[in-house]
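> Here you go, sequence then predicted model.
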Amino acid sequence: QQQQQQKGGKNGQGKTQKAKHEAGEQPAAAPAPEKKQMVVEESDPETDEDDMHSTNTVGRIPMEWYKDEKHIGYDLTGKKITKRAVEKDRLDKFLDRMDNPDFNRTVIDPVTQEEIVLSNEDVELIRALQSNKFPGGYDPFEPYVDFVTYEVEKHPVSSAPEPKNRFVPSKWEHKRVMQIVRSIRRGWMKDEERPKSPEFYDVWKDSTEDATSLRHRLHVTAPKVAPPGHAESYNPPPEYLPTKEEEQEWLAAHPDDRKRDFLPKRYTSLRLVPAYNKFVNERFARCLDLYLCPRTRKMRMNVDPESLIPKLPDPRDLQPFPIQHSLVYQGHTDRVRSISVDPTGQWLATGSDDSTVRIWEVQSTRCLATLKFPQEIGAVAWCPNASLSVLAVAAGKMLYFIQPGFAPSEIVQTTDQYLQPKGGKDPKNVAEWSVPKPNDFAVGHRLHVKHPKDIAQISWHHKGNYLASVMPDGVSDAVYIHSLTKQMTQNPFNKKRNREVQRVLFHPSKPVFFVATKTHVLVYNLQTQSLLKKLMSGCKWISGMAVHPGGDNVIIGSFDRRLCWFDTDLSLKPYKTLRYHKLAVRQVAFHSHYPLFASASDDATIHVFHGMVYSDLMNNPLIVPVKILRGHTQDAIGLGVLDIQFHPRQPWIFSAGADNTARLFT
């Protein structure tokens, strides 16, 4: 409006001067030019509010998120910002191209959705950038202006104050301030006030310091030397003088075990007392005591020691569990390495380093059969299927499937049909299956499987149709899984990688496979052939492994005397780590029905524990040590109990020891 008024005033002035010139009047002298005032445009609050509302504050996010929406973002108050330009279809774009001469220069801002017409300078700048040239008006070779020179200028280049982010507080000033604050809080530093004389005096007040001042006081005076007694006198009483036997006993004892550092002697007068030969040693020891001994008061807490002990149930309330040594199975001439009980609990098989496998009757300890093999026995295991009578024996590189013939005739016939060899060879079979010789067949041998390495452990599937064997010396062939129905062997870990496998076990009910290496326990899913979990044991060398009948808890034993309990649903680290054995733990085992588990060690003991696993996930497993079983003895090289296994029905435990015997605890 002011500009229009100014324009109107100028037009009126021009018309007036023209009329005067036509009338013949002389124009008046031009007035002095006035200074133009700066015009300040007033802001319209409604327009500003619309501009502020249209400004997109959504930030740097992909604008494709608002592609199908009617808004393009939100303002500071949280209201939606509607799109200004509706997206044009192909017909509108064609008409716009025909009618709009600036169509090729028009671009759409992806943030604000506004149409922007590029100027000639913008087009030239874009073309220069596309052709890898400098924009117009920029000279890359212009002379360098040395703003900071070696000459001392009168004025600095920049007089701006230092920014606050360059300020680095002093570390030592901070420490000093904190020291002063602590002194003020603890009462060591107070304002200097004039001491006020007390109005009243307590005549009967004890001169000793109170407990509060003693607590705040750090320095404690050194203890005084005890005054000499009658024994240190130059003329002690007769009862303090030692006899000859006491002198010999004092001289023979170790200096740390002597009650006194000297022998009392008697002199008739003080001038006959010689110089003390340990004077320098005692002074030196006294100086060490004053210099090295810490003299600070410790705030002790009055805590009942019994309250720190966890409250565990009485073992008598957790019965039944094995408590006594009942039977001994003697007959082997070397260490008994492995032990196994058949599913009925009637027969016991033991494998020894004397290259024999003996089958015993459990209740009578009678040896029913002795099977000889060409090499030492590594492991024995009965098939868990009660409808079959199959004993697997690992000796060296060979795996033998034996039908002992002690079961009822129906089970024997079913077993012979199950183990009947099948003709033809499968190229996918990684192991060599063979038929035993007639002499071995008469003894009970039914199938032989040859391995590339020595077998250390075998483990059955709970259905009895699969068997896993472990060869610790193997690299890519450390674990084999044998199928008795197909008489075929598979290698699940065929990659050339030294896993150092020690033990393997099948899950009691799921298609899950547990593999124990030296330091970890790997859990695999056999259906998807993938790794589910990797349990961190923290042990140096795992020696044994057992899976709870529920399948969610695993225990391992190690040569560094540890027994670790894993709750696979809780964590990948041990829930409990027990260190009760004095020597290496050789084997661990779970009972199939009772809440019991045990560990065997080279210290010739078996530790029995009560391990209750609750179905409620809110309750942690209850682990209580209940009994230590003794009966085995160590051999010459220090080996003790080598293998253990619980009875399938009774709360009994069988053990195999290095003393050439197997024992039963009930």
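Nice, I can see it.
> pLDDT weak spots in the stretch 251-400 of the chain?
For the stretch 251-400 of the chain, applying pLDDT under 70 flags the ranges 294-298.
> which residue ranges form the helices in it?
In the stretch 251-400 of the chain, the helices defined using DSSP state H, counting those that start in this stretch lie at 279-292, 305-308.
> would TSV of these with distance to Pro101 and mean neighbour count be doable?
Using the backbone N, CA and C atoms, a C-beta is placed for each residue, glycine as well. Shown next, in TSV, are these (distance: least, CB to CB, whole Å; neighbours: other CB atoms under 10 Å):
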stretch	distance to Pro101	mean neighbour count
helix 279-292	97	10
helix 305-308	91	7
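> Can you add distance to Ala394 and give these back as CSV?
Shown next, in CSV, are the helices of the stretch 251-400 of the chain (distance: least, CB to CB, whole Å):
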stretch, distance to Ala394
helix 279-292, 61
helix 305-308, 48
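> where does the residue most central in space within the chain land on pLDDT?
Centroid-nearest residue in the chain: Lys573, 5.8 Å away (criterion: CA atoms, centre = their mean). Note on Lys573: pLDDT of 91.
> ok, now Cys539?
Value listed for Cys539 in the pLDDT field: 89.
> Please report the distance of it from Arg503.
12 Å (CB to CB, to the nearest Å).
> next one: Tyr524
From Tyr524 to Arg503 the distance is 14 Å (CB to CB).
> try Arg562
Relative to Arg503, Arg562 is positioned 15 Å away (CB to CB).
> Any stretches of this protein with poor pLDDT?
Short version for the chain, where the test is pLDDT under 70: 1-58, 84-87, 147-153, 155-157, 193-194, 201-220, 294-298, 424, 496-498.
> And the helices in it, which stretches?
2-22, 45-54, 90-99, 120-130, 171-186, 211-216, 244-252, 279-292, 305-308, 409-418, 438-443 (DSSP state H).
> Alpha carbons of the fourth one, in PDB - could you do that?
These are the backbone C-alpha positions of helix 120-130, laid out as PDB (Å, rounded to 0.1, in the frame of the first residue of the first chain):
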ATOM      1  CA  ASN A 120      19.200 -20.900 -16.400                       C
ATOM      2  CA  GLU A 121      22.000 -20.800 -13.800                       C
ATOM      3  CA  ASP A 122      20.600 -24.000 -12.200                       C
ATOM      4  CA  VAL A 123      20.500 -25.800 -15.600                       C
ATOM      5  CA  GLU A 124      24.100 -24.700 -16.400                       C
ATOM      6  CA  LEU A 125      25.200 -25.900 -13.000                       C
ATOM      7  CA  ILE A 126      23.600 -29.300 -13.500                       C
ATOM      8  CA  ARG A 127      25.100 -29.600 -17.000                       C
ATOM      9  CA  ALA A 128      28.600 -28.800 -15.600                       C
ATOM     10  CA  LEU A 129      28.300 -31.300 -12.900                       C
ATOM     11  CA  GLN A 130      27.100 -34.000 -15.300                       C
END
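> When Tyr524 and Arg503 are compared, which one has more neighbours?
Neighbour totals were compared for Tyr524 and Arg503, and Arg503 leads with 24 against 20 (other CB atoms under 10 Å).
> Quickly list what that one is bridged to.
Ala516 (DSSP bridges).
> can I assume it is in contact with Val470?
Yes. Using CB atoms under 8 Å, Arg503 makes contact with Val470 at a distance of 6.6 Å.
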